[in-house]
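Asker: Give me the fold of what follows.
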Amino acid sequence: MSEPVAGGTGQEREDERGGVLELDPSSSATRYEPEPPADDGAGGRAGRFWSSRRIPAALVALVVLGAAALLLYDIAAVRAGHPAMAWRRELAGELARQPLDQTWVLVAAAVAMALGVWLVALALTPGLRGVLPMRRDFGEVRAGLDRDAAALVLRDRAMEVSGVQSARVRVGRSRVKARAQSHFRELDDVRADLRDVLGAGIRELGLASPPALSVRVRRPTKKR
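Answerer: Here you go, the predicted model:
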């Protein structure tokens, strides 16, 4: 575990431009970046899990299949000497009469483009943001850990620290944010213990890419 980047008594508050405004003595904060896991050559690369996205794929397939079947049936009917369907004649006539700079044409084109971009994004991105990949100690086995479950485990570890009255832990893909309230002990001591306990907890989760840790401790708000 690397050394904390920021520490000491107080929490530095920053404005939008990054300048320090004041030092809050009622809280203590620190963050550190975890060491990269050792690569001993065992196992394979632990990439993110891909979502199957069955519902969007099924809906798109049904819409495309229905539209293609209807269009092919109409084309085959025209080739056989029958008149085209009324909807296709009306659609062709409307498209021939309407200029392309009409508002509804531009809106329809924008909607179609947004839908296409959304479908492409679904096809090219893995999804399953709530599952964190774990280390692949064996090449044939892939394991993942739910982010909410990881947050619950780390919160239970934080509540075991002496002086912690309440704690909240949020686990992201690249950072774990721990917020705790301490009703006794020095804030820096509680923060240091939380940093050590949660750092060890993150390592014990066995994640392929251990997230960075951000710890903040403050006193409970006084009731008036």
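
Asker: could you give the mean pLDDT of the longest helix along the chain?
Answerer: In the chain, assigned by DSSP state H, the helix with the most residues is helix 54-79. In this model, helix 54-79 carries a mean pLDDT of 85.

Asker: That helix packs against which elements?
Answerer: Judged by 3 or more Cβ pairs under 8 Å, 6 or more residues apart in numbering; DSSP states H and E, the packing partners of helix 54-79 are helix 103-124. Glycine gets a C-beta too; all of them are placed from N, C-alpha and C.

Asker: and the helix it packs on with helix 54-79, angle?
Answerer: For helix 103-124 against helix 54-79, the angle by axes from the mean of the first three to the mean of the last three Cα atoms, to 10 degrees is 130 degrees.

Asker: which other residues reach helix 103-124?
Answerer: 53, 56, 60, 98-99 (Cβ atoms under 8 Å, 6 or more residues apart in numbering).

Asker: following the longest helix of the chain, which helix or strand comes up?
Answerer: Counting by DSSP states H and E, the next helix or strand C-terminal to helix 54-79 is helix 86-97.

Asker: still on that earlier bit, list the buried ones in the longest helix of the chain?
Answerer: For helix 54-79, burial by neighbour count (16 or more other Cβ atoms under 10 Å) applies to Asp74.

Asker: what angle do that helix and helix 86-97 make?
Answerer: Going by the same axes, to 10 degrees, helix 54-79 makes 90 degrees with helix 86-97.

Asker: Enumerate every residue touching Leu132.
Answerer: The neighbours of Leu132, taking Cβ under 8 Å, 6+ apart as the test, are 144-147, 150, 171, 173, 205, 207-208.

Asker: Spatially central residue in this protein, please.
Answerer: In the chain, the residue lying closest to the centroid (Cα atoms, centre = their mean) is Arg129, at 4.5 Å.

Asker: That one and Arg173 touch, don't they?
Answerer: Yes: using Cβ atoms under 8 Å, Arg129 is in contact with Arg173, at 6.8 Å.
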